[in-house]
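Enquirer: Next one to model:
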Amino acid sequence: MAGTVTLRLIIDDPVPGVRYSLQKDDLPFEPRTAGDGPIAFELPITLQPDGRMTGPFVRREGPQRRFVYIRIGTSAGDHSSPWSRRAKIDIHDIPKALLVPDALLEVHLPGRGKDDSPACATVRPVTIWQAVERR
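Expert: So this is what the prediction gives:
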C-alpha cells in the first residue's frame, strides 16, 4: 500500500551536552543538543506500492535491510565534540500491519552504550514499534 508514514524516534537517555541530528541525504538535519531529558525526532518515510520504504532519510543494505541514521557529535555538526558517531536504527523489521498510510509509529531507543558514551552502530530499540495518536 503506497503512502507516507511518520516515524518518531525517541532517545530516552541521551548524553547531556551532545548534539544529535537525523541524517537526510547524507547531511545532518535538524540538529539539537541534548539536555537532561529525552530527545525525539520525527521523519517521514514513503511506502512504495511494492512494500519498499524509501525517502531522503532511508538508507539500505542489500535488497531487504532499511534503516535510518541518527548523527552524533561532530557528525551532527558540533565540531568541538569528542564524539563522531552515528546510530543505525533498523526499520525493515517494523511489523507490516503497522505500515499504513498516515500512521505515526513510535519507538524508544537507548541513548548510551555500556561505557555511558553515546550509543552508536546498530542500536536496538528498548520498546517495540507502536502506532500512536498524533498530539
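Enquirer: roughly how far apart are Ile128 and Arg71?
Expert: Using Cβ to Cβ, to the nearest Å, Ile128 is found at 24 Å from Arg71. Using the backbone N, CA and C atoms, a C-beta is placed for each residue, glycine as well.
Enquirer: Looking at the two, which one has more neighbours?
Expert: Between Ile128 and Arg71, Arg71 has the larger neighbour count (other Cβ atoms under 10 Å), namely 24 against 12.
Enquirer: Can you name the residues that contact that one?
Expert: If a contact means Cβ atoms under 8 Å, 6 or more residues apart in numbering, then Arg71 has Tyr20, Ser21, Leu22, Gln23, Pro28, Pro31, Gly77, Arg85, Arg86 as its contacts.
Enquirer: Show the buried residues in those residues.
Expert: Tyr20, Ser21, Leu22, Gln23, Pro28, Arg85, Arg86 (16 or more other Cβ atoms under 10 Å).
Enquirer: thought the fourth one was touching Pro56?
Expert: It stands for Gln23. No. With contacts counted by Cβ atoms under 8 Å, Gln23 stays clear of Pro56, the gap being 9.3 Å.
Enquirer: My guess is Val100 contacts Thr4. True?
Expert: No. Here Val100 does not reach Thr4: they are 10.4 Å apart, not a contact under Cβ under 8 Å.
Enquirer: on that earlier part again, quick one: which of the contacts of Arg71 is nearest to Asp116?
Expert: Comparing the contacts of Arg71 against Asp116 with Cβ to Cβ places Arg85 closest, at 13.7 Å.
Enquirer: looking at this, the closest one is in a strand?
Expert: Yes. Counting by DSSP: H, G, I helix; E, B strand; the rest coil, Arg85 is found in a strand.
Enquirer: Write down the beta-bridge partners of it, one by one.
Expert: Under the criterion DSSP bridges, Arg85 forms beta bridges with Ile72.
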